[in-house]
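# coordinates only, sequence not included:
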């Protein structure tokens with residue numbers, strides 16, 4: 001390590017050449033490295049103007065790479081975009097470059113990669129992001145850098161952007177209509193969709209359930225319910241359905257909640273695929289289910305332990321139960337006689353109970369604790385905790 005001046009250190013190669021420098025602030029003998037404005041500035045004067053940006057999570061090589069990007073990779077985007085976001089490049093030249101560098105993965109229409117809304121849409125919606133990704137690629141993917149891997153000039157990357165803005169912008173149904181998605185309905189569809197959308201209850205066994213690698217013991221309409229494969233706890237074969245008559249070997253959905261909503265939507269309908277539900281769910285149904293997966297799933301292990309005992313506040317739960325549940329279920333939870341009572345169900349199947357507290361029961365007037373009641377996730381867990389104290 002070489003100190004150029006007090007508070008500034010530089011990383012050296014074994015040959016003695018300077019790799020990069022950073023400003024060092026020492027507090028309780030802890031050094032915090034700050035990204036330099038430029039290497040030349042650091043060489044001459046240190047980096048007195050760089051504050052508030054800690055690179056402590058980055059390796060020395062990461063700092064070097066970021067520094068090189070700042071010094072050599074940045075461009076004045078106004079040279080390639082007008083004030084209204086319209087690309088200024090040569091779209092005809094860009095078409096040739098796109099065909100040579102992009103079409104193999106993105107397709108001629110820019111829609112072959114389905115984890116986002118397509119090249120045409122992104123190029124018009126966020127041309128700045130698009131130009132950056134054309135130039136440097138997309139993190140965690142095999143997308144190459146047009147500059148470093150493709151050897152394209154800055155102007156040529158601008159030409160690709162210009163052509164990209166001519167590609168079809170047809171946006172995915174889930175993106176266009178996302179604000180209209182019904183979260184509560186999604187939770188109810190997950191439970192028993194034919195009770196919500198008016199489609200005739202299936203009488204056959206769902207083909208994908210029959211073809212499941214580990215099989216399943218159920219038949220008929222039950223096998224068409226989302227919960228039957230993915231579980232009331234949303235973790236499939238890793239949760240309550242890891243064994244017993246409901247075991248299928250299917251994964252849950254909790255790990256998919258951060259996936260692109262367009263990908264989730266397509267996986268639900270899966271027209272022509274093994275999970276094809278397009279004959280019984282329309283686009284709005286799939287949209288609501290997608291909304292439920294993205295915004296409605298919770299990690300149920302936060303609300304009860306591995307034995308199914310609720311961990312919420314029973315006192316707070318009693319108050320919430322009185323305000324939200326008693327009028328229909330009664331103080332003892334037995335007023336509705338079409339099932340064995342709140343106390344029994346909450347102990348026998350806390351996963352299902354929590355789901356129904358949160359979203360309601362299909363085909364009934366039961367409200368959603370989350371949507372209609374405005375309860376927090378923790379408060380729904382408190383209601384479950386109180387429910388388990390009721391007489392079974």
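Sure thing, it's come through. Just so it is clear, the model here is predicted, and its values are computed rather than measured.
# low-confidence ranges in the stretch 1-150 of the chain?
Confidence mapping of the stretch 1-150 of the chain against pLDDT under 70 gives the ranges 1-57.
# now the helices for it?
Listed in chain order, the helices found in the stretch 1-150 of the chain under DSSP state H, counting those that start in this stretch are 39-45, 60-72, 91-101, 103-106, 119-125, 127-136.
# do I have it right that residue 356 meets residue 366?
Yes: Residue 356 lies in contact with residue 366 (CB atoms under 8 Å); the separation is 7.1 Å. Any C-beta I mention is one placed from the backbone N, CA and C, and that applies to glycine too.
# can I get the helices of the stretch 1-150 of the chain in TSV including distance to residue 392 and mean neighbour count?
As requested, these are exported to TSV (distance: least, CB to CB, whole Å; neighbours: other CB atoms under 10 Å):
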stretch	distance to residue 392	mean neighbour count
helix 39-45	71	15
helix 60-72	58	14
helix 91-101	66	17
helix 103-106	58	14
helix 119-125	54	21
helix 127-136	56	20
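# quick check: which of these is nearest to residue 166?
Comparison of the helices of the stretch 1-150 of the chain against residue 166 by CB to CB identifies helix 91-101 as nearest, at 5.6 Å.
# elements contacting the closest one?
Packed against helix 91-101, as judged by 3 or more CB pairs under 8 Å, 6 or more residues apart in numbering; DSSP states H and E, are the following elements: helix 154-164.
# any idea how far the closest residue to residue 366 other than its chain neighbours is from residue 383?
Computed as CB to CB, 6 or more residues apart in numbering, the closest residue to residue 366 that is not its neighbour in sequence is residue 360, at 4.2 Å. Computed as CB to CB, to the nearest Å, the residue 360 to residue 383 distance reads 13 Å.
# give me the domain ranges for this structure.
Using automatic domain parsing, the domain parsing of the chain gives 2-72, 77-164, 178-296, 314-387.
# contacts for stretch 334-353, please.
For stretch 334-353, the surrounding residues in contact (CB atoms under 8 Å, 6 or more residues apart in numbering) are 227, 231-233, 239-240, 300, 304, 308, 310, 325, 328-330, 332-333, 384, 387-392.
# go on, stretch 196-207?
Surrounding stretch 196-207, the residues in contact under the criterion CB under 8 Å, 6+ apart are 185, 188-189, 193-194, 218-221, 223-224, 274, 280-282, 285, 362-363.
# give me the mean pLDDT for stretch 239-256.
Per-residue pLDDT values across stretch 239-256 average out to 93.
# list the buried ones in it?
Judged by neighbour count (16 or more other CB atoms under 10 Å), stretch 239-256 contains these buried residues: 239, 240, 241, 246, 247, 248, 250, 252, 253, 254, 256.
# which helix or strand contains the residue nearest to the fourth one when sequence neighbours are not counted?
Of all residues beyond its chain neighbours, the one nearest residue 246 is residue 228 (6.8 Å), with distances taken as CB to CB, 6+ apart. Counting by DSSP states H and E, the element that carries residue 228 is helix 226-230.
# that helix packs against which elements?
The criterion is 3+ CB pairs under 8 Å, 6+ apart, and the helices and strands that helix 226-230 contacts are helix 183-192, helix 207-210.
# what's the longest one packed up against?
The reference is to helix 183-192. With contacts taken as 3+ CB pairs under 8 Å, 6+ apart, helix 183-192 sits against helix 194-197, helix 226-230, helix 283-291, helix 350-359.
# just the angle between that helix and helix 350-359, please?
In this structure, helix 183-192 runs at an angle of 150 degrees to helix 350-359, with axes from the mean of the first three to the mean of the last three CA atoms, to 10 degrees as the basis.
# run the chain-centre distance for helix 183-192.
Shown here is helix 183-192, whose average C-alpha point lies 19 Å from the average C-alpha point of the whole chain (CA atoms, centre = their mean, to the nearest Å).
# also compute the angle for it relative to helix 283-291, please.
Taking the same axes, to 10 degrees, helix 183-192 and helix 283-291 form an angle of 90 degrees between their directions.
# in the stretch 151-300 of the chain, where is pLDDT below threshold?
Within the stretch 151-300 of the chain, the set of residues satisfying pLDDT under 70 comprises 170-171, 213, 215.
# nearest the middle, which residue of the protein would you pick?
residue 258 (1.3 Å; CA atoms, centre = their mean).
# would you indicate which residues of stretch 342-352 are buried?
Residues of stretch 342-352 classed as buried: 342, 343, 344, 345, 346, 347, 349, 350, 351, 352 (neighbour count, 16+ other CB under 10 Å).
# please apply the same query to stretch 191-204.
Within stretch 191-204, the residues that qualify as buried are 191, 192, 193, 194, 196, 202, counting by 16+ other CB under 10 Å.
# ends of that stretch, how far apart?
Its start and end residues considered, stretch 191-204 measures 18 Å (CA to CA, to the nearest Å).
# same check, this time on stretch 66-78
End-to-end distance of stretch 66-78 (CA to CA): 22 Å.
# chain center to it, what's the gap?
Taking the mean C-alpha point of stretch 66-78 and that of its whole chain, the gap between them comes to 30 Å (CA atoms, centre = their mean).
# re the thing from before, between residue 356 and residue 366, which is the more surrounded one?
Neighbour comparison, residue 356 and residue 366: the larger count goes to residue 356, with 24 against 18 (by other CB atoms under 10 Å).
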